[in-house]
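Student: using only what follows, build the 3D model:
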Amino acid sequence: MLNSTRVSHFTLAAFFDTGILRYLFFMIVLLLYILIVGANIVLIALICMNRSLHEPMFLFLCSLFVNELFGSAGFFPPLLLQILSDSHTVSASLCFLQIFCLYTYANVQFWNLAVMSYDRYLAICHPLQYNTRMSYKKVSMLIFLTWLCPIIEVAVMIYLSARLQLCGNVIHKVFCDNYSIVKLACYDTTINNAYGLIYMFTLVFALIILILYTYIKILKVCFSGSKQTRQKAVSTCTPHLASLLNFAFGCFFETVQGRFNMNSVPNMLQIFLSVYFLTCQPLFNPVLHGLKMSKIRTLCKHLVGGKM
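Tutor: Next up is the predicted model:
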């Protein structure tokens, strides 16, 4: 399948010679990766080891943290190698593998946030029916679909891109990007573009509409309920909304950069905006949810104090 591209490797042209500073950049990126891995693993372990956290909300959070580790593993190790490299090339097979990891990560993130908003909608708008409507069987099915659907969608996208015949091998990013490869195609890419549009409108927009609908319903309950209800809704929904806005912000800039001329923007700023949703989100979520959820906060204090 990859042979049909007639390209054995791709060049990541967004990298530039930083001289001795490459080692400083390497240490900064490595430290960020260690923080992301450490924070997510600690929270996953806390949720798995404590039965008091075996609730739908925390199980969905666990899926979110696992996805952060998955996306980071597809981005940071190749980035660290490229920072120390002089050629900044990557084989075609590894490039498509990275695309699979990063696009699956982004899709699972949207699915997870949508499922979490639905969970909060049931908990706040239908509290008496919550335990019956959000059973462990349903939670397992939602988590399974959260991973299965993105994997299938991204696999189809990569198949359509890998069969293209390319007239170049230069990607103007610091990581492999599917849209950049499609732009290198020699011939008609109607099928790829059509699949991308269908995917965007039927999946991403559908999930965003679902998230907005659930939070509109939650806000209606907040304004019509008691002060205690409003406080509960705000305390549980704020982390989810903040996570969604942060992720949407990063994805928006990544999409804009790929489709519009950004020559007037400094190179370093372009790189930062391009990787924002891959670097800040995996660190932002554990810190936000870990500090906001009282049960996780209490267990972390016990863990640090050696009372586990």
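
Student: quick check: buried residues in the helix or strand hosting Y103?
Tutor: Counting by DSSP states H and E, the element that carries Y103 is helix 92-125. For helix 92-125, the buried set under the neighbour-count rule, 16 or more other Cβ atoms under 10 Å, comprises 92, 95-124. The C-beta positions use only the backbone N, C-alpha and C, and glycine is treated the same way.

Student: now do it, average pLDDT.
Tutor: Along helix 92-125, the predicted confidence averages to a pLDDT of 91.

Student: next secondary structure element downstream of that helix?
Tutor: Next along the chain from helix 92-125, counting by DSSP H and E, comes helix 130-133.

Student: the very next helix or strand once past that following helix - contacts with which helices or strands?
Tutor: Going down the chain from helix 130-133, the next helix or strand is helix 136-162, by DSSP H and E. Contact analysis of helix 136-162 by 3 or more Cβ pairs under 8 Å, 6 or more residues apart in numbering; DSSP states H and E lists helix 56-84, helix 92-125, helix 178-183, helix 190-199 as its packing neighbours.

Student: quick one: the longest one to helix 136-162, angle?
Tutor: Which is helix 92-125. Counting by axes from the mean of the first three to the mean of the last three Cα atoms, to 10 degrees, helix 92-125 lies at 150 degrees to helix 136-162.

Student: now for the helix holding Y103, which elements pack on it?
Tutor: Secondary-structure packing of helix 92-125 (3+ Cβ pairs under 8 Å, 6+ apart): strand 9-12, helix 56-84, helix 130-133, helix 136-162, helix 178-183, helix 205-224, helix 227-259, helix 267-292.

Student: now mean pLDDT, mean neighbour count and distance to I28 too, for these, in JSON lines please.
Tutor: Formatted as JSON lines, the entries for the helices and strands packed on helix 92-125 read as follows, by pLDDT from 0 to 100; neighbours: other Cβ atoms under 10 Å; distance: least, Cβ to Cβ, whole Å:
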{"stretch": "strand 9-12", "mean pLDDT": "89", "mean neighbour count": "19", "distance to I28": "19"}
{"stretch": "helix 56-84", "mean pLDDT": "92", "mean neighbour count": "20", "distance to I28": "10"}
{"stretch": "helix 130-133", "mean pLDDT": "88", "mean neighbour count": "12", "distance to I28": "44"}
{"stretch": "helix 136-162", "mean pLDDT": "93", "mean neighbour count": "16", "distance to I28": "29"}
{"stretch": "helix 178-183", "mean pLDDT": "89", "mean neighbour count": "20", "distance to I28": "25"}
{"stretch": "helix 205-224", "mean pLDDT": "82", "mean neighbour count": "15", "distance to I28": "33"}
{"stretch": "helix 227-259", "mean pLDDT": "76", "mean neighbour count": "16", "distance to I28": "19"}
{"stretch": "helix 267-292", "mean pLDDT": "80", "mean neighbour count": "18", "distance to I28": "10"}
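
Student: what's the spacing between F205 and Y199?
Tutor: Look at F205 and Y199: by Cβ to Cβ, to the nearest Å, they are 10 Å apart.

Student: and the residue lying closest to Q165 once chain neighbours are set aside, its phi and psi?
Tutor: Ranked by Cβ to Cβ, 6 or more residues apart in numbering and with sequence neighbours excluded, the top spatial neighbour of Q165 is C186, at 5.1 Å. Its backbone dihedrals place C186 at phi -80, psi -30, with angles given as degrees, to the nearest 10.

Student: and C186, how many residues sit next to it?
Tutor: Counted with other Cβ atoms under 10 Å, the neighbours of C186 add up to 11.

Student: quick one: contacts for it?
Tutor: 164-167 (Cβ atoms under 8 Å, 6 or more residues apart in numbering).

Student: L283 now?
Tutor: The neighbourhood of L283, defined by Cβ under 8 Å, 6+ apart, consists of 32, 35-36, 39.

Student: try 10 Å
Tutor: In this structure, L283 makes contact with 32-33, 35-36, 39-40, 68, 72, judged by Cβ atoms under 10 Å, 6 or more residues apart in numbering.

Student: and L69, by the same measure?
Tutor: Taking Cβ under 10 Å, 6+ apart, one finds 36-37, 39-41, 44, 105, 282 in contact with L69.

Student: swap the cut-off to 7 Å and go again
Tutor: For L69, the contact set (Cβ atoms under 7 Å, 6 or more residues apart in numbering) comprises 37, 40.
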